[in-house]
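# Output the structure for:
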Amino acid sequence: MKKDLISIIVRTKNEKFWISKCLHAINLQNYKNFEVIVVDNNSQDNTKDIIKKNFPKTIIINYKTKNFLPGKALNLGISKAKGKYVVMLSGHCIPKNNKWLKNLVKNMKSNQIAGCYGKQEPLDISNPNDVRDLYYLFGKDKKIQTKDPFFHNANSIIKKSLWKKYKFDESTNHIEDRIWAQQILNLKFKIVYEPSACVYHFHGVSHSQNTSRVSKITKIITKPSITKKPNFCAITVIKNPILKKNNEYLVKEAIDDLLKIKKIAKIFIVTDDIKIRK
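Coordinates of the predicted model:
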């Protein structure tokens, strides 16, 4: 029985040190029915020359832009993909063994599973901060996520049919994977973390504690569109409300404080004095 075709999207920018290692590890996979599409962001080194010379079957798509948008680059590559499933891999990530692709694909058979992401391990040359973060984030236990939107496109797989309906956000500079995952979870799909589908990733998810990058990601994560909508109600019971000299009720200060709490959607006042409504 012929296996499903997998399209592997590899994003690159000046990856001459890593790209041969990455593509060579892909070609060693025991799951053989795949195509490789490189989306290159205007590399100024010889990344593309290395690919053309050593991996001639690889499809190269040029994505030339000053303002790189990861979701737009991925959507461009996936639009050219022929596979039933789409794997996303960073050009400086190296599959750890020849079962990496097989271990990603095996999780995608259920209709309830929208995507799967694999483990990331540091290298000997990785920054100590990245080593710590990668070991904290990517554990040894397999998980099925129904609420947690963590997802990582440095090493992941999704269904092409689902992507046609729900593409990656093309306006964000970061965490297009997490934004997509939150949207998918809201639709009652599930996401799998598969630790046996492992890659080496030398700089990890925080890019060696790049403060500017981390600050931008924090702003995106804390936006109302990413976090949960307000879902709390405050009920304030007032008996014999106190009226101050300026004809304002003392409880107004408490209500003003409640209004500052973003997670409170509604405030209810229960009182025996109808005048307080004014």
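# separation between residue 203 and residue 170?
Separation of residue 203 from residue 170 (Cβ to Cβ, to the nearest Å) stands at 24 Å. Every residue, glycine included, has its C-beta placed from N, CA and C.
# ok, now residue 156?
18 Å.
# which of these two has more neighbours?
When neighbours are counted by other Cβ atoms under 10 Å, residue 156 and residue 170 differ, and residue 156 comes out ahead with 25 against 14.
# Could you check how many residues crowd around the nearest residue to the more buried one once chain neighbours are set aside?
The spatially closest residue to residue 156, leaving aside those adjacent along the chain, is residue 117, at 4.1 Å (Cβ to Cβ, 6 or more residues apart in numbering). Residues lying near residue 117 (other Cβ under 10 Å) number 27.
# Please apply the same query to residue 184.
Neighbours around residue 184, by other Cβ under 10 Å: 21.
# That one: what's it in contact with?
For residue 184, the contacting residues are 114, 115, 162, 166, 191, by Cβ atoms under 8 Å, 6 or more residues apart in numbering.
# Could you tell me which of those residues are located in helices?
Mapping the contacts of residue 184 onto helices (DSSP state H) picks out residue 162.
# closest to residue 197 among the contacts of residue 184?
In terms of Cβ to Cβ, no member of the contacts of residue 184 lies closer to residue 197 than residue 115, at 12.0 Å.
# just checking, what packs against the host helix or strand of the residue nearest to residue 156?
If you go by DSSP states H and E, residue 117 is part of strand 113-121. Where contact means 3 or more Cβ pairs under 8 Å, 6 or more residues apart in numbering; DSSP states H and E, strand 113-121 is packed against helix 100-105, helix 128-137, strand 155-159, helix 176-186, strand 190-201.
# Redo the ones you listed as CSV? Include mean pLDDT.
Converted to CSV, the helices and strands packed on strand 113-121 look like this (pLDDT from 0 to 100):
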stretch, mean pLDDT
helix 100-105, 98
helix 128-137, 92
strand 155-159, 98
helix 176-186, 96
strand 190-201, 98
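# With distance to residue 90 as new columns, can those be given to me in JSON lines?
Below are the helices and strands packed on strand 113-121 laid out as JSON lines (distance: least, Cβ to Cβ, whole Å):
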{"stretch": "helix 100-105", "distance to residue 90": "13"}
{"stretch": "helix 128-137", "distance to residue 90": "13"}
{"stretch": "strand 155-159", "distance to residue 90": "8"}
{"stretch": "helix 176-186", "distance to residue 90": "11"}
{"stretch": "strand 190-201", "distance to residue 90": "7"}
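# Out of those, which is closest to residue 237?
helix 176-186 (34.7 Å).
# As PDB, could you dump the C-alpha coordinates of that closest one?
Extracted C-alpha coordinates of helix 176-186, given in PDB (Å, rounded to 0.1, in the frame of the first residue of the first chain):
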ATOM      1  CA  GLU A 176       1.900  32.400  13.700                       C
ATOM      2  CA  ASP A 177       1.900  28.800  14.900                       C
ATOM      3  CA  ARG A 178       0.400  29.600  18.300                       C
ATOM      4  CA  ILE A 179      -2.300  31.900  16.800                       C
ATOM      5  CA  TRP A 180      -3.300  29.100  14.400                       C
ATOM      6  CA  ALA A 181      -3.400  26.500  17.200                       C
ATOM      7  CA  GLN A 182      -5.600  28.700  19.300                       C
ATOM      8  CA  GLN A 183      -8.000  29.100  16.400                       C
ATOM      9  CA  ILE A 184      -8.000  25.400  15.800                       C
ATOM     10  CA  LEU A 185      -8.600  24.500  19.400                       C
ATOM     11  CA  ASN A 186     -11.500  26.900  19.500                       C
END
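# Any stretches of the stretch 101-250 of the chain with poor pLDDT?
By pLDDT under 70, the weakly predicted segments of the stretch 101-250 of the chain are 206-232, 236, 238-245, 247, 249-250.
# ok, how many other residues are close to residue 93?
Per other Cβ under 10 Å, the neighbour tally for residue 93 reads 25.
# residue boundaries of the strands in the stretch 1-150 of the chain?
Per DSSP state E, counting those that start in this stretch, the stretch 1-150 of the chain carries strands over the ranges 6-12, 34-40, 59-62, 85-90, 93-95, 113-121, 143-145.
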